[in-house]
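In: missing the sequence, but the structure's below:
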């Protein structure tokens, strides 16, 4: 990337499968403008055609052994939301006690969910028995099926952003209590509890970053070469990748992919 | 969605945050044309600017407590690839023994990785200590940090697809042996081992689907209402969502988002 341009590196026969500059920009805008929404939900109902598109996007996530282990419990009942919210409140109180010193007060002040405000809540689960006991690709890493359901969450989140819908992932629950409230069977794992709806706005940056809780890390510091802990160490190609990474992050942080603020 | 059109439902003030039809189509094309690549890698090197873009896309995934727990070990050494491939071969042999009857032979015939052929391998990890012992949102569900790293994988995968690069996720390894080969520390979890590179083609459908191993499930059968196991049951809004889901899947399966085959 040079400046705000996405450089069309010249390898003609390889560009057959590449998206156009405009198409790539659209994808990158979805990736870079996706936010975890908590306080900005509007009460406006989400239309079923929009909801169907984001759920279908989730359903076409990658899955180990093509097992498609996900299910989606779509919650619009105020009563169920209230019961789930009570679980959050309890766990949130417990969580606050785990922080020490000033972090505890800061933590208490954070708005971490929009369960009651969001018109739709979605519990994304993983059914470990969806495809029998032996699954291609799950033989050695048992959590691969849960990872597939997480990929479905990320697909849903990106599709929702493009549809103009906010999504917030709420993870402060006792899992067993959540399963009980939603009637989820023993061998089904609740992977993500999502709040979804139209929003008044999307934050320009993640809220925990804006609040100074943690900074965005420099991506080039997260890359190792061939083995963990190995720096570029004079390898010109590796040094060049680190330089490209710093440049790519500078472009993103400079707002090259920012969406115009809505009115 | 009506036919191949994405209906622009008329709620004027809510469309402020929505992407244009063309932008949404670009995102959906990335989602629906992403494939797990195994046999189609070309030896052509991946340019550092492309690699930097897909790694930066991964770095802007959602993360619990903004902990950004991921690291990326970029492997281009033929020697390291060979050692990782040997681990795959061993685990793959063990896996074959777990399948019964004709499934065993079918399994043996599947091409499940492109470790040696892909010019770049990337091990995406999760550092559980990245942000101290107490993390906002990880207090009750300890795997949330690993889920964040999975979201990074999915971001990387989609960005790669838009760049015209194939990605294959290899999960048939003994995790401890993989950690040893790559020198990954005790508290760092290897989440995904990815093969990445230019490709001769992208399959029109997932290979396990084409091979008849498992069919694509109907998405409307994976949706529950308010509680697990509850059908629409006469609720008109729920019935309407199921109808929209069937329609959305028909549109996708009909190839409305298919990319033209490259020459």
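Out: Nice, I can see it. All of these numbers come straight from a predicted model, not from anything done at the bench.

In: Number of residues surrounding the closest residue to residue A:39 other than its chain neighbours?
Out: Excluding its sequence neighbours, the residue lying closest to residue A:39 (C-beta to C-beta, 6 or more residues apart in numbering or on different chains) is residue A:111, at 4.7 Å. No exception for glycine: its C-beta is placed from N, CA and C like everyone else's. When counting by other C-beta atoms under 10 Å in any protein chain shown, one arrives at 10 neighbours for residue A:111.

In: how much space between residue A:111 and residue B:40?
Out: Here the criterion is C-beta to C-beta, to the nearest Å. By it, residue A:111 lies 46 Å from residue B:40.

In: name the helices or strands packed onto the helix or strand residue A:146 falls within?
Out: Following DSSP states H and E, one finds residue A:146 within helix A:144-162. In terms of contacts (3 or more C-beta pairs under 8 Å, 6 or more residues apart in numbering or on different chains; DSSP states H and E), helix A:144-162 is packed against helix A:21-33, helix A:48-59, strand A:70-75, strand A:120-127, strand A:165-170, strand A:188-198, helix B:21-33, helix B:144-163.

In: Could I get the buried residue list for the third one?
Out: Within strand A:70-75, the residues that qualify as buried by neighbour count (16 or more other C-beta atoms under 10 Å in any protein chain shown) are A:70-75.

In: and residue A:155, how many neighbours?
Out: Here the number of neighbours of residue A:155 (other C-beta under 10 Å) works out to 27.

In: One more: the one 10 residues further on?
Out: Counted with other C-beta under 10 Å, residues neighbouring residue A:165 total 27.

In: For the buried residues of strand A:70-75, please prepare JSON lines with the additional fields pLDDT and distance to residue A:237.
Out: JSON lines is the format used below for the buried residues of strand A:70-75 (pLDDT from 0 to 100; distance: C-beta to C-beta, whole Å):
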{"residue": "A:70", "pLDDT": "98", "distance to residue A:237": "39"}
{"residue": "A:71", "pLDDT": "98", "distance to residue A:237": "45"}
{"residue": "A:72", "pLDDT": "98", "distance to residue A:237": "44"}
{"residue": "A:73", "pLDDT": "98", "distance to residue A:237": "48"}
{"residue": "A:74", "pLDDT": "97", "distance to residue A:237": "48"}
{"residue": "A:75", "pLDDT": "97", "distance to residue A:237": "50"}
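
In: for the residues you listed, which one is nearest residue B:158?
Out: residue A:70 (17.4 Å; C-beta to C-beta).

In: hey, what's that closest one bridged with?
Out: Beta bridges link residue A:70 to residue A:126, judged by DSSP bridges.

In: List the contacts of it.
Out: By C-beta atoms under 8 Å, 6 or more residues apart in numbering or on different chains, the residues touching residue A:70 are A:58-59, A:61, A:63, A:124-127, A:148-149, A:152, A:191, B:222.

In: And residue A:91, by the same measure?
Out: A:172-174, B:139-140.

In: ok, now residue A:98?
Out: Residue A:98 sits next to B:134, B:139 when contact means C-beta under 8 Å, 6+ apart.

In: could you measure it against residue B:88, distance?
Out: 40 Å.

In: cool, residue A:216 as well?
Out: Residue A:216 sits 35 Å away from residue B:88, going by C-beta to C-beta.

In: out of these two, which sits in the more crowded spot?
Out: For residue A:216 versus residue B:88, neighbours defined as other C-beta under 10 Å are more numerous around residue B:88 (22 against 15).

In: Now do the same for residue A:149: its pLDDT.
Out: At residue A:149 the predicted local distance difference test score is 98.

In: Now for it: which residues touch it?
Out: Listed by C-beta under 8 Å, 6+ apart, the contact set of residue A:149 reads A:69-70, A:124-126, A:189, A:191-192.

In: Specify which member of these is nearest to chain B.
Out: Distance to chain B, by C-beta to the nearest C-beta, is smallest for residue A:70 among the contacts of residue A:149, at 6.5 Å.

In: From residue A:163, how far off is the closest one?
Out: Using C-beta to C-beta, we find residue A:70 at a distance of 19 Å from residue A:163.

In: Let's check: the centremost residue of chain A is which one?
Out: In chain A, the residue lying closest to the centroid (C-alpha atoms, centre = their mean) is residue A:154, at 4.7 Å.

In: Which residue comes closest to it once chain neighbours are left out?
Out: Per C-beta to C-beta, 6+ apart, closest to residue A:154 is residue B:154, 4.0 Å.

In: got it, and residue A:210?
Out: residue A:203 (6.8 Å).

In: Hmm, the one you found is touching residue A:209, no?
Out: No - contact criterion C-beta atoms under 8 Å: residue A:203 and residue A:209 do not qualify, at 9.1 Å.

In: still on that earlier bit, need the contact list for the residue nearest to the centre of chain A.
Out: By C-beta under 8 Å, 6+ apart, residue A:154 lies in contact with A:61, B:61-62, B:150-151, B:154-155.

In: can you tell me which of these lies nearest to residue A:115?
Out: Residue A:115 lies nearest to residue B:62 out of those, by C-beta to C-beta, at 17.6 Å.

In: Checking that closest one next. Helix, strand or coil?
Out: Reduced to three states with DSSP: H, G, I helix; E, B strand; the rest coil, the structure at residue B:62 is coil.

In: mind checking the end-to-end distance for stretch A:162-174?
Out: 32 Å (C-alpha to C-alpha, to the nearest Å).

In: Any buried residues in that stretch, and which?
Out: Result for stretch A:162-174 [16+ other C-beta under 10 Å]: buried residues A:162-173.

In: Could you export these as a markdown table, including pLDDT?
Out: Formatted as a markdown table, these follow (pLDDT from 0 to 100):
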| residue | pLDDT |
| --- | --- |
| A:162 | 98 |
| A:163 | 97 |
| A:164 | 97 |
| A:165 | 98 |
| A:166 | 98 |
| A:167 | 98 |
| A:168 | 98 |
| A:169 | 98 |
| A:170 | 98 |
| A:171 | 97 |
| A:172 | 96 |
| A:173 | 96 |
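
In: Closest to chain B out of the residues you listed?
Out: Nearest to chain B among the buried residues of stretch A:162-174: residue A:164, at 3.3 Å, using C-beta to the nearest C-beta.

In: quick one: contacts for the closest residue to residue A:185 other than its chain neighbours?
Out: Of all residues not flanking residue A:185 in the chain, residue B:228 sits nearest, at 6.8 Å (C-beta to C-beta, 6+ apart). Counting by C-beta under 8 Å, 6+ apart, residue B:228 makes contact with A:71, A:73, A:125, A:182-185, A:188.

In: Return the distance of residue B:228 relative to residue A:146.
Out: Residue B:228 sits at a distance of 17 Å from residue A:146 (criterion: C-beta to C-beta).

In: Then residue A:255?
Out: From residue A:255 to residue A:146 the distance is 35 Å (C-beta to C-beta).
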